[in-house]
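Engineer: Coordinates for the following, if possible.
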Amino acid sequence: MAKSTKPAKSIPAPVKSPPAKAEGFEKKLLKNFGRELLYLLIITILYIPIYNHIFDKKVAILGDNAAYYILGKAMANGDGFVQANLISKPKATHFPPGYPAFMSVVMNSFGDEVTVLKKANGVLLWLSLVILFFFFRNISKNIHLSFVIVLALVFNMHLLQYGTWMMSEIPFLLISSLSLFLLTISDLNKKPWMNWAFILTVIVTAASYYVRGQGLAVFAGLFLFLLFAKKWIHAGFAAVLYFLLLLPWHLRNSGLPESSYSKALKLKNYYDPSQGLMETGDWFDRFFTNMERYFKFEIPSSVFGYVADYQSSGVLFGGLVFSIIVFIGFLKLKQYRWAVGGYLLATFGILFLWPEIWNGIRFILAIVPLLTFLFAFGVIELILLAGQKMKIKLSEKIPQRLSFAFLILIPIFFGKIEDLNKEANRKYDPLFRNYFELAKWTKNNLPDSSVVVCRKPNLFYLESGHFTEGFSKVEGIDKFLVTFQKKKATHVVIYGDGITQRYFLPAYQKNQEKFKPIRQMQNPDMWLMEYHPELGYQGEWVNGMKEGKGIYVYQDGRKYEGEWKNDQQNGRGILYDSQGKIIAEGFWENGVYKTISN
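Structural biologist: Predicted structure coming up:
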């Protein structure tokens, strides 16, 4: 008898639970995201009140920040990238157009007030700090160190100060940091033309050049990194794309006069062109002079947030020790060592050949965050190395814990924050108080067509709205006065600075009739003068004295035409009245009419 069979019950398939590792990864990812958000929130919460505390509403007494404003305003008005303060409105070549273009967008969107543009730079500084946070995290794999270093940068007086000025240093910091960050998220296993992050890296790197010429150093870092990584196709693609992106700017400038920066680089002394052009030995002298100064002053003062005293002997030993630790930090970087190192190396290569008279923090400002990070990273690596040598077993979390030790250094910046606050609340010194008051006076009292020659002409333009020109550094009275005519000068502002005394004063002393004072400011003295090229002496000079044939027109219209010697009428000459009738004709001796001409 066959056995009866019962239908088998269907047993549901067991539900697979997700792997424990996946759960751990998700939790870790969520934890990291929360930590990043917390750190960025702390940075932002501290940054805003500190920035507002040191914010200075005054226009910085720097010619460049006013020049940027003028260029940005011209672009905002649709006039193009031109020097609107010059009567001929020539195309600008001194600065790249990137930052003025940004300013023009701000002006058209939020207004052209100086304080608006200053605060726009403050926003750019904050964005730079955010990008640097992620960049440091990506190259160190230590989020805590990234947080501590960026927190220290929030208190850096130099970054904060430039964040309140209309200068290109902070925009360049942003764009260069973004370039480095984009490189860290680029998948170099993909073909470069199929990799949006890599393409964007090259585009942003090119954009850094349009903000500052120093952007060449950013590309140098990118290119060197690709070469050491043996990414030949990527290196070639980056070079071609970079060249194509820079080509329009160079084609635009090909027929224009050489920029003043290029001229300055070739001169032994920009403020004294008579010293001539650089020679082979001068380049070596400049290189080593600048290198020593950077180690003594700019490097330590920029990172540790103090004002360098260039009259002191500096801290060469401290600068060298700091640089050695930075170098160790560079060596211990893994994947992106040469991107950072190439950028720093190229930057210092440029700065060491830069005219030594242009010192200060501004040229090194964009790499201050990198130097700060590499220093801290180097210190941690040295401690780990010492532990290994001493055969001390260290936890894997030691680098993260050591990162927080750098928080104890942040209070050293507090005093300088208060110094910036005092500076922000301080009024202009008497010289520039008079300078700006005089500029405001001209706005309402001079014709719109006036051309004012003065020191810091871009600053004068901000308050006056008149065309402005600077003093030409030309030796020789007659040659100096020719520059006034070429500039179509109608007025001149003088006070007791070095440039005025060296170049203008000799011309004024010999040609006082050409300059008529119309307004004087006191304590300290400052004069606004009308310039009358038709008055005074026009003729031959010998050793700075009137000698030979010449014409002298008096303010009352009389005119002497004849021979001169020893700065006076000597020899045959004719004196006319204001109507052109002859008053006297004959021979003159030491400025006195003597006899009638035969």
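
Engineer: can we go C-alpha only for contacts and neighbour counts from here?
Structural biologist: Fine.

Engineer: which residues of the stretch 251-400 of the chain score low on pLDDT?
Structural biologist: By pLDDT under 70, the weakly predicted segments of the stretch 251-400 of the chain are 394-396.

Engineer: let me redo that: the chain
Structural biologist: Segments of the chain classed as low confidence (criterion: pLDDT under 70) are 1-31, 394-396, 596-598.

Engineer: So which residues of it form strands?
Structural biologist: Using DSSP state E, the strands of the chain run over 451-453, 467-469, 491-494, 515-521, 526-531, 536-542, 545-553, 559-565, 568-576, 582-589, 592-596.

Engineer: I'd like to know which of these lies nearest to residue 206.
Structural biologist: Closest approach to residue 206 among those (Cα to Cα): strand 467-469, 32.3 Å.

Engineer: count of neighbours near residue 393?
Structural biologist: Close neighbours of residue 393, defined as other Cα atoms under 10 Å, add up to 9.

Engineer: which residue sits closest to it, ignoring its sequence neighbours?
Structural biologist: Excluding its sequence neighbours, the residue lying closest to residue 393 (Cα to Cα, 6 or more residues apart in numbering) is residue 387, at 7.3 Å.

Engineer: quick one: the one you found from residue 381, how far?
Structural biologist: Using Cα to Cα, to the nearest Å, we find residue 387 at a distance of 10 Å from residue 381.

Engineer: more neighbours, those two?
Structural biologist: Higher neighbour count among residue 387 and residue 381: residue 381, with 19 against 13, using other Cα under 10 Å.

Engineer: and the more buried one, what is it in contact with?
Structural biologist: Listed by Cα atoms under 8 Å, 6 or more residues apart in numbering, the contact set of residue 381 reads 328, 329, 332.

Engineer: quick one: which of those has the most company?
Structural biologist: In terms of neighbours by other Cα under 10 Å, those top out with residue 329 at 22 neighbours.

Engineer: Please render the strands of the chain as JSON lines that adds distance to residue 404 and mean neighbour count to the earlier fields.
Structural biologist: What follows is the strands of the chain, written out as JSON lines (distance: least, Cα to Cα, whole Å; neighbours: other Cα atoms under 10 Å):
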{"stretch": "strand 451-453", "distance to residue 404": "55", "mean neighbour count": "26"}
{"stretch": "strand 467-469", "distance to residue 404": "53", "mean neighbour count": "25"}
{"stretch": "strand 491-494", "distance to residue 404": "55", "mean neighbour count": "22"}
{"stretch": "strand 515-521", "distance to residue 404": "55", "mean neighbour count": "15"}
{"stretch": "strand 526-531", "distance to residue 404": "54", "mean neighbour count": "20"}
{"stretch": "strand 536-542", "distance to residue 404": "72", "mean neighbour count": "17"}
{"stretch": "strand 545-553", "distance to residue 404": "72", "mean neighbour count": "19"}
{"stretch": "strand 559-565", "distance to residue 404": "79", "mean neighbour count": "22"}
{"stretch": "strand 568-576", "distance to residue 404": "79", "mean neighbour count": "20"}
{"stretch": "strand 582-589", "distance to residue 404": "86", "mean neighbour count": "17"}
{"stretch": "strand 592-596", "distance to residue 404": "86", "mean neighbour count": "14"}
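
Engineer: Of all the ones you listed, which one is nearest residue 406?
Structural biologist: Evaluated over the strands of the chain, closeness to residue 406 peaks at strand 467-469, with 49.3 Å, by Cα to Cα.

Engineer: So what does residue 315 look like in phi/psi?
Structural biologist: Backbone geometry at residue 315, expressed as degrees, to the nearest 10, gives phi -130, psi 70.

Engineer: Please verify my assumption that it contacts residue 298.
Structural biologist: No. Using Cα atoms under 8 Å, residue 315 is not in contact with residue 298, being 10.1 Å away.

Engineer: between these two, which one's more packed in?
Structural biologist: Higher neighbour count among residue 315 and residue 298: residue 298, with 27 against 16, using other Cα under 10 Å.

Engineer: Would you mind measuring from that one to residue 306?
Structural biologist: Counting by Cα to Cα, the gap from residue 298 to residue 306 is 10 Å.

Engineer: ditto for residue 175
Structural biologist: 25 Å.

Engineer: With neighbour numbers in mind, choose between the two.
Structural biologist: Set residue 175 next to residue 306 and count neighbours by other Cα under 10 Å: residue 175 wins out with 25 against 18.

Engineer: what about the closest residue in space to that one that isn't next to it in sequence, distance to residue 345?
Structural biologist: Of all residues not flanking residue 175 in the chain, residue 208 sits nearest, at 5.6 Å (Cα to Cα, 6+ apart). Distance of residue 208 to residue 345, computed by Cα to Cα: 17 Å.
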